[in-house]
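*Asks:* based on what follows, work out the 3D shape:
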Amino acid sequence: MDDPALVLRDARAQRARFVAHGLARAVAALRDGRKMMDSEEMRRHAADWVAAWNRRDIEAVLRGFAPSARFVSPKAIVFAGTATLEGRPAIGEYWRRALARIGTLEFRLGHVTCDPARGEMVVFYEARLDDAVMRACELMRFDGAGRQVFGEALYGAPL
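*Replies:* Residues are numbered from 1 along each chain as shown. Next up, the predicted model:
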């Protein structure tokens, strides 16, 4: 069994690294004259993201991405041959192929967890894709200009 004092020390050290990472990003953004997104902007982005998906407006969803963004989804393997997509064009092509095979798409926003210092949020939602309904969440990481540079879609069991 691990020594509780060592486990606590390691946990504190890991937390300090996470905080330092977030602060370093915030300082870099300020130095470059950029502003990190705050919690309210992140929540607004999440609501706009859900609305764009419900309109099936891929271009509106893609506008929030940096040109060199990376996106990870287990569902991408079927449509793109890989779970990891590099760059806005590859992400858009995957979504176009997927939407062409989906009749009904409806996302219902659950809640949003925001970490402005790290430039990250997680959007929790319910996804209805044709007859399948599942809980899902999407991790989004933003640069200092508010563009998404990383995303990962995670899916729960069918409801």
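
*Asks:* what's the following helix or strand after the lowest-mean-pLDDT helix or strand in the chain?
*Replies:* In the chain, no helix or strand scores lower on mean pLDDT, DSSP states H and E than helix 4-31, which sits at a mean of 53. Reading on from helix 4-31 to the C-terminus, the next helix or strand found by DSSP states H and E is helix 39-54.

*Asks:* what's the spacing between that next one and its chain's center?
*Replies:* 11 Å (CA atoms, centre = their mean, to the nearest Å).

*Asks:* could you point out where the chain is predicted with low confidence?
*Replies:* Low-confidence segments of the chain, defined by pLDDT under 70: 1-34.

*Asks:* let's see 90
*Replies:* Scanning the chain for pLDDT under 90 picks out the ranges 1-36.

*Asks:* now do the buried residues in stretch 128-138.
*Replies:* Leu129, Arg135, Ala136, Cys137, Glu138 (16 or more other CB atoms under 10 Å). C-betas here are computed from N, CA, C, even on glycine.

*Asks:* just how off-centre is it within its chain?
*Replies:* Worked out by CA atoms, centre = their mean, stretch 128-138 lies 16 Å from the chain centre.

*Asks:* need the contact partners of it.
*Replies:* 102-108, 110, 122-127, 151-159 (CB atoms under 8 Å, 6 or more residues apart in numbering).

*Asks:* now, the residues you listed that are in strands?
*Replies:* Among these, the members falling in strands (DSSP state E) are 105-108, 110, 122-127, 151-158.

*Asks:* of those residues, buried ones?
*Replies:* Judged by 16+ other CB under 10 Å, buried ones among the ones in strands among the contacts of stretch 128-138: Phe107, Val122, Val123, Phe124, Tyr125, Ala127, Gly151, Glu152, Ala153, Tyr155.

*Asks:* for the first one, what are its contacts?
*Replies:* Counting by CB under 8 Å, 6+ apart, Phe107 makes contact with Val50, Trp53, Asn54, Tyr125, Glu126, Ala127, Arg128.

*Asks:* name the nearest residue to the second one, ignoring sequence neighbours.
*Replies:* Nearest residue to Trp53, sequence neighbours excluded (CB to CB, 6 or more residues apart in numbering): Phe107, at 5.0 Å.

*Asks:* again, but for the fifth one
*Replies:* Counting by CB to CB, 6+ apart, Glu126 lies nearest to Arg108, which is 4.4 Å off, once chain neighbours are set aside.

*Asks:* state the distance from the one you found to Ala66.
*Replies:* To Ala66, Arg108 is 27 Å away according to CB to CB, to the nearest Å.
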